[in-house]
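*Asks:* pasting the sequence and the predicted model now:
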Amino acid sequence: MDGERPLFIPVILGTARQGRMSLPVEKLMISELSRRAGIETELIDVARMPLRIDDAGEAIKDPTFSAQMNRADALVVVSPEYNHGYSGLLKHALDSCLKEYIHKAVGIMGVSAGPFGGTRGIQDLLPVLRELGLVTIFWDVNFSTVQSVFDESGALRDQAYLPRIDKFLKELVWMARTLRHGREHVALE
Ligand SMILES: Cc1cc2nc3c(=O)[nH]c(=O)nc-3n(C[C@H](O)[C@H](O)[C@H](O)COP(=O)(O)O)c2cc1C
């Protein structure tokens with residue numbers, strides 16, 4: 001990526017639940033993105049977004065989140081599984097932007113206490129992301145029984161996740177670079 005300006009790949013933490021195990025997942029991804037050359041990242045915590053709940057959609061757009069989505073080349077969404085679906089607050093936050101997402105890449109990290117690594121929530125999130133204009137990659141990272149994946153300090157216990165994250169990020173970066181090229185050089189006829 002010599003000479004290319006860095007890709008901006010923020011990570012959205014999709015829950016405000018107290019004691020959320022999606023937080024160490026997000027921190028791990030921020031750390032993995034930060035140590036790769038040519039990538040800038042930022043944590044976006046839905047719990048800290050000033051989102052009104054008496055309205056929905058672009059009417060409640062937060063200028064900071066909108067600017068982050070405009071700048072983004074790709075997103076990583078950390079998606080906890082709640083009752084076999086995705087988090088309502090994650091959807092509420094994503095719904096607040098629209099044109100900001102178009103022709104940008106997205107990858108999902110599923111998180112669950114159960115054995116399926118958030119896959120049921122991921123499958124339901126895919127058509128939502130597509131409708132937003134995002135381009136989904138074909139790798140996910142699935143954190144099953146997440147309570148045993150990290151120790152009390154939030155450090156990763158199971159090193160088998162690192163090669164999976166590497167594969168996921170290689171694909172996400174390829175898609176982000178390809179789509180950036182398309183946005184900047186290929187006209188929509
Ligand atoms: C409302 C709610 C529903 C949940 N439903 C499921 C579920 O359907 N399947 C599952 O494996 N875990 C379920 N869990 C557990 C979460 O997946 C678990 O808390 C996991 O750590 C990811 O979410 P967290 O970031 O809030 O911790 C649920 C948790 C909550 C709060």
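*Replies:* Noted; the coordinates are in hand.
*Asks:* quick one, phi/psi of I44?
*Replies:* Backbone torsions for I44, taken as degrees, to the nearest 10, come to phi -120, psi 110.
*Asks:* cool, G133 as well?
*Replies:* With angles defined as degrees, to the nearest 10, G133 sits at phi 90, psi 0.
*Asks:* tell me how many other residues surround the closest residue to it other than its chain neighbours.
*Replies:* Using Cβ to Cβ, 6 or more residues apart in numbering and skipping residues adjacent in sequence, the residue nearest G133 is I102, 3.6 Å away. (Each C-beta comes from the backbone N, C-alpha and C, glycine too.) I102 has 13 neighbours, counted by other Cβ atoms under 10 Å.
*Asks:* what stretches of the chain score poorly on pLDDT?
*Replies:* For the chain, the stretches with pLDDT under 70 are 1-2.
*Asks:* so which bits of it are right by the ligand?
*Replies:* 15, 17, 20-22, 80-84, 111-114, 146 (Cβ under 6 Å from any ligand atom).
*Asks:* most neighbours among those residues, which one is it?
*Replies:* In terms of neighbours by other Cβ under 10 Å, the residues of the chain next to the ligand top out with V111 at 29 neighbours.
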